[in-house]
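Okay, here's the prediction I keep looking at, along with the sequence it came from:
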Amino acid sequence: MVRETASPGDARRFAEAGVQEGCSIVVAAGGDGTLNEVVNGIAGSETALGILPVGTMNVFAKEMGIPHGNIEKAWGVIKSGNVRSFDLPRAGDKHFMQLAGVGLDAEVVRRTSYDSKRSLGPLSYLLTLAQVAAVIPPRVRVVTPSGIECEGSFLLIGNGRLYGGPFPLFKRARLDDGLLDVVVFQNQSHWDVVRYFQAIAFGKHPELPDVEYFQTPSLKVTSDGDVAVELDGEVAGVLPREFQMSPYKLRVLTPLQAQGNRDA
C-alpha cells in the first residue's frame, strides 16, 4: 500500500495506521523531516523503518550508509531484510533519530520556507543562516544529571555522528550507547559562525576554547527568551525542553555494515 502525504502530520498518521494494521515494515520516501514523522508514528512498536532518501537533507540515511541518489540500491537495502536496533531519543513527548538543535540551527529551520528549500535545496539554509547569525540571541542554559552546568548561544544534540550531511560533528557518538552527544557554542556573530563551521569541517571544533562537548543520558535546556527547538530538521516548538533517551528502540532496515556504530 502506497500513501502520499499532502500536509504536515500525514506521514505520522499513515505510519501509526500501518502499525495498527500489523505492518512489519513502514517505508519512508523523503528527507529527515519525513523520517521523523514516520519514526514518531512507529515508536514503541516492533515495526521496522525502511528508508528511501529522496529529500533535501538525508543525514540519517547517510549515517546508516543507505545509498542516496539510487532508488534501486536503497530499495535493495529494504529487501535485504537486515534489521538493526538503535537508540531513540526524545524531547518531551516527541522522538528524534539523529539530531536536535536549540537556538541558531533551529531558528534557521524555522525561517527557511518550504518553497526556498524546494527551489534552492541546501543553499536555502545557508542564506537564512546569514540573516539569523546577525541577531544577538538569548542565552541558553544547560543542566545534566551528573552536575554539568553551562550556557551558550546555541547547542546541537546528537544521537548519531553526522550533522548537515557529511560532517562528523559528534565525534564520540554511537547510535547504541544510550548517550546523547552535546556541543554547546558560546558565541554567535557572523565571524564566530564561520569559525565554528571551519573547525567542524576539519574536525577541530572540540579544541576551540568557546565550545563545550560532552555526553550525557539526558539534559534540561532553558532560556529567558524565545529560543526555537528543531528535531531532525523540523521545528518542534521552543524552550524549555528536556532531552533524554526513550525506553523504546528504533528498528531500521540497514546495509549489512551500517555506518555510525557496530553490533547494535
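That came in fine, so what should we check first?

C-alpha from now on. contacts and neighbour counts both.
Will do.

In the helix or strand of the chain at the bottom of the mean pLDDT ranking, which residues are buried?
The least trusted helix or strand in the chain, going by mean pLDDT, DSSP states H and E, turns out to be helix 114-120, with a mean of 79. Neighbour counts using 16 or more other Cα atoms under 10 Å place K117 of helix 114-120 among the buried residues.

hang on, L155 in a strand?
Yes - counting by DSSP: H, G, I helix; E, B strand; the rest coil, L155 is located in a strand.

quick one: it from M64, how far?
24 Å (Cα to Cα, to the nearest Å).

And for D192?
For D192, the distance to M64 (Cα to Cα) stands at 31 Å.

Which of the two has more residues huddled nearby?
Comparing D192 with M64 by other Cα atoms under 10 Å, the one with more neighbours is M64, at 21 against 15.

My read is that the more buried one contacts L256, right?
No - between M64 and L256 there is no contact under Cα atoms under 8 Å: 9.9 Å.

In contact with P240, which residues are there?
Shown in contact with P240 (Cα atoms under 8 Å, 6 or more residues apart in numbering): K220, V221, T222, S223.

backbone phi and psi for it, please?
Note on P240: backbone dihedrals following degrees, to the nearest 10 are phi -80, psi 160.

Next one: S124 from D10, what distance?
24 Å.

go on, G44?
Using Cα to Cα, G44 is found at 19 Å from D10.

what's the answer for F167, then?
Counting by Cα to Cα, the separation of F167 from D10 is 30 Å.

try E46
21 Å.

buried stuff in the helix or strand containing K249?
K249 belongs to strand 241-253 when assigned by DSSP states H and E. Residues of strand 241-253 classed as buried by neighbour count (16+ other Cα under 10 Å): R241, E242, F243, Q244, M245, S246, K249, L250, R251, V252, L253.

Output those residues in CSV, with distance to I148 and pLDDT appended to each entry.
Below are the buried residues of strand 241-253 laid out as CSV (distance: Cα to Cα, whole Å; pLDDT from 0 to 100):
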residue, distance to I148, pLDDT
R241, 16, 98
E242, 14, 98
F243, 14, 98
Q244, 15, 98
M245, 18, 97
S246, 21, 96
K249, 27, 97
L250, 28, 98
R251, 31, 98
V252, 33, 98
L253, 36, 98
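
Which strands and helices lie in contact with the helix or strand containing V38?
In this assignment (DSSP H and E), V38 forms part of helix 32-42. If contacts are counted by 3 or more Cα pairs under 8 Å, 6 or more residues apart in numbering; DSSP states H and E, helix 32-42 sits against helix 10-20, strand 25-30, strand 48-53, strand 94-95.

For V77, find the nearest of these.
Nearest of the helices and strands packed on helix 32-42 to V77, taken as Cα to Cα: strand 48-53 at 8.3 Å.

before we move on, back to that, contacts for the helix holding V38, please.
With contacts defined as Cα under 8 Å, 6+ apart, helix 32-42 is touched by 9, 11-16, 19, 26, 28-29, 48-49, 51, 55, 57-60, 94-97, 231-234, 250.

Among those residues, name the buried ones.
Neighbour counting with 16+ other Cα under 10 Å marks 11-16, 19, 26, 28-29, 48-49, 51, 55, 57-60, 94-97, 231-234, 250 as buried within these.

Pairing partners for the residue nearest to W75 when sequence neighbours are not counted in the sheet, please.
Counting by Cα to Cα, 6 or more residues apart in numbering, L52 is the residue found nearest to W75 once chain neighbours are left out, at 6.9 Å. Here L52 sits in beta bridges with A29, as judged by DSSP bridges.

Report how many residues lie close to L52.
Neighbour count of L52, defined by other Cα under 10 Å: 25.

so how far is D105 from Y163?
Distance, Y163 to D105, by Cα to Cα: 11 Å.

cool, and K117?
15 Å.

Leaving out chain neighbours, which residue sits closest to G121?
Leaving aside its chain neighbours, G121 sits nearest to T56 (5.8 Å; criterion: Cα to Cα, 6+ apart).

Outline the domain layout of this structure.
10-89+248-253, 95-246 (automatic domain parsing).

May I see those arranged in CSV, with distance to R3 as well?
CSV is the format used below for the domains of the chain (distance: least, Cα to Cα, whole Å):
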stretch, distance to R3
domain 10-89+248-253, 7
domain 95-246, 21
